[in-house]
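here is my input, please return the structure:
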Amino acid sequence: MRRRNGLAAFGRPAVPRDDIELSAIKAIELQASRMPDVVSLAQGIPSFDTPDPIKRYAAQKIADGACAKYSLTPGLPQLRELISEALLRDGMRYDPDGEIIVTCGAIEAVTATLLAFLESGDEVILASPTYASYIPAIRLAGGTPRFVPLDEDANFDLDPDAIGRAITRNTRAILLCNPNNPTGTIYSTAATERMMALAARHGLLVITDEVYKDFLYTNEPAGCPARLAGHRDRVVRVCSFSKAYGMTGWRVGFLHTARARADAILKVHDTLVTCAPVVSQYAAIAALELGEPYIARFREEFRQRRARIIERLDALPHIFDYQRPNASYFAFPRVKDAVSRARDSRALATDILERARVAVVPGVAFGPTGEAHLRFCYARAPEDIDEAFDRLTDYFAGRTPRSYALPLPRLRPRRRGWVRTFGVEVLHGLSRLYLARSRPKVVAIAGGRGKTVLKRTMTELLGTRLRVRSNPLSYNTEVGLAFAVLDTEFQLRRPWSLVRGLGRGVWHAVFPEPVDVLVLELGVRRPSDMRQLLRVVQPDIAVVTALAPDYSDDQDGLATARGEMTELVETIARRNAKLVLCADDPALEGFATQPGVQRFSKSDLLVSPDSQHLRVNDREYPMRREIVGDSSLYALTASVIVARHLGIDENTIERFLLG
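Residues are numbered from 1 along each chain as shown. A predicted model of the protein is given here:
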């Protein structure tokens, strides 16, 4: 049977229950609820209470007897009118009588839309990582999720070309979360327009979930398909009151779309819930009329908590890489390969919960490219963030925890077999061949905190004038460094991955693409690690970040790191290469006095009431770039030093800092 008026006819095939699982976010919270003394950074629940004016208004409506009966199925007329006025202020014109539906939160809006327009076997494109609950919602509607990877190296940006390649004759819709949960990405207007052109060409529905639209931390607006007049008829835009107003428990949101689509969705909405809870609809009215000052306050608080969690991630540089979230209240760091269970995020999250009593969400819950990541929610109270990371620091250091958890297992060093030894030598030989043939300037980043932030910032600045290659992910071990040099990777346990990755590495070594600058990260954990890495590369410039993490008392590890930095500094001195060093770290104090060393520190930032400048040597640059934590400041200063050394002109540097 085919679709009638946008709805599937009778006889929709039943969906096997095995196809639908409880969201991993809810599952981890449910598991945590059965344990004592758990600190949760899992579910995205703001720590704020619903603002008092909203609660008082709803309470008065209850007292007046206004909440005892159903509302109209699309929602209270007054609420729909207020939503329409708010949309108009944002450049979107939607009729409150026929194009707006008030729903039981955003996920009901998404699910009702999918049920209205999908038939069994239809495919829905999801940009992965994506919100976990979309996946069972698509399956519930009889559809099949088709995952398209986001570009992690570009801060999880949307890739319209990849979406175009994924479209098949069975593709029915594209479902996006923008700003993205879990990554905190903002999809740009340009990428959104390209995606919508694809959707128009293939006749696809576009469902865009914008529940985090009020929590942006950059000046760049999020791309909004509903603002593109030429695509209005194919867009369903979903919003929520839960996040912006601290109303997750009220379960109220809305969608808006063209009338014909709204008519089809309304029938499913009526079937599912009849109407959104009336008391929650009145609370939503109060939110729209009285809640704007609270959004601004919540946004500023989340901005501060974002800085806090970035500082804590920076303090565990041997454990996590991360892309800075520009929106929402989630961080989605990648767990480095050297960490046990790094490639099994579900097992890692479970072990962290059981042994450290910290609830986090495994990255694989958000789609296949979420594997090897964990999601942290920083909407929780600051003291919860600190307590969770104190426990995580103990957990990853292998220290015996306090009374809150099970004893940590003893970590046994891995033995290297002859196959691995031979493979490492092959990779190192190919790396040296590549460097000899392509002859790029090598910038090596070593130290502790903020290496990944520095690598990303430096690549962006140098890339304005030079051909630069780096991998924003942290490939910094003896194997990983070779992967970064050869621009390849593979997994030994997957034969096809091994053949393809090794073949790519051989090709790049023999036929290298021209590169002016190669930005690499040198990671050390044990004595002699640096010596092994320097057998592969001989840096022209070395940048050493702060060694001592702010939240660790691992003096043995600090001593090892300092010894390895000594190896690097001595090598740089023998080669008469350039050394750039963090002057704020007492552990690096002895190196800072060496001749020719260029230093960077917090004092490089000059702040006045109406402006800020970055001082590098004999020049002060005006600066408008956002600084989030010390690592962000260090990254800007060190990048400018390296850029000047490599001949980037002053005007280009100034434009970058004003960007």
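
ok, the closest residue to Ala365 other than its chain neighbours - contacts?
With sequence-adjacent residues excluded and distances taken as C-beta to C-beta, 6 or more residues apart in numbering, Ala365 is closest to Ala24, at 3.3 Å. (Glycine included, C-beta is placed from N, CA and C.) Ala24 is in contact with 132, 346, 361-362, 364-365, counting by C-beta atoms under 8 Å, 6 or more residues apart in numbering.

just Thr103 next, same as before
So Thr103 contacts 109, 112, 238, 252-255, 269, 273, 276 (C-beta under 8 Å, 6+ apart).

now with 10 Å?
74-75, 109-113, 238-240, 251-255, 265, 269, 272-273, 275-276 (C-beta atoms under 10 Å, 6 or more residues apart in numbering).

so how far is Glu85 from it?
Using C-beta to C-beta, to the nearest Å, Thr103 is found at 19 Å from Glu85.

for Leu547, same thing?
55 Å.

those two - which one has more neighbours?
Leu547 (23 against 11; other C-beta atoms under 10 Å).

surely the more buried one is in a strand?
No. Counting by DSSP: H, G, I helix; E, B strand; the rest coil, Leu547 falls outside a strand, being coil.

you'd agree it is up against Gly448?
Yes. Judged on C-beta atoms under 10 Å, Leu547 makes contact with Gly448 at a distance of 4.4 Å.

and for those two, which residues touch both?
Joint contacts of Leu547 and Gly448 (C-beta under 10 Å, 6+ apart) are 317, 557-558, 561, 565, 582, 585, 587-588.

neighbour-wise, give me the winner out of the residues you listed.
Cys582 (27 neighbours).

quick check, that residue in contact with Lys451.
No. Contact criterion C-beta under 10 Å: Cys582 and Lys451 do not qualify, at 11.1 Å.

and for those two, which residues touch both?
543-545.

shaky segments in the protein?
1-19, 400-420, 472-476, 491-494, 548-555 (pLDDT under 70).

which residue packs closest to the most centrally placed residue in the chain, ignoring adjacent ones?
Nearest to the mean C-alpha position of the chain, counting by C-alpha atoms, centre = their mean, stands Thr183 at 2.4 Å. Leaving aside its sequence neighbours, Thr183 sits nearest to Phe156 (C-beta to C-beta, 6+ apart; 4.1 Å).

wouldn't the one you found be in contact with Asn180 here?
Yes. Phe156 is in contact with Asn180 according to C-beta under 10 Å; the separation is 6.5 Å.

who has more neighbours out of the two?
Applying other C-beta under 10 Å to Phe156 and Asn180 shows that Asn180 carries more neighbours, namely 29 against 25.

give me every residue that touches Tyr57.
51, 282-283, 285-287, 289-290 are the contacts of Tyr57 under C-beta under 10 Å, 6+ apart.

sorry, that was for Ile62
So Ile62 contacts 68, 278-279, 282 (C-beta under 10 Å, 6+ apart).

so which strand or helix has the residue nearest to the centre of the chain?
Using DSSP states H and E, Thr183 falls within no helix or strand.

what's the spacing between it and Ala327?
From Thr183 over to Ala327 (counting by C-beta to C-beta), the distance is 9 Å.

next one: Ile627
In terms of C-beta to C-beta, Ile627 sits 17 Å off from Ala327.

who's more crowded, the two?
Shown here are Ile627 and Ala327; by other C-beta under 10 Å, Ala327 has more neighbours (25 against 17).

kind regards, and thank you for your time.
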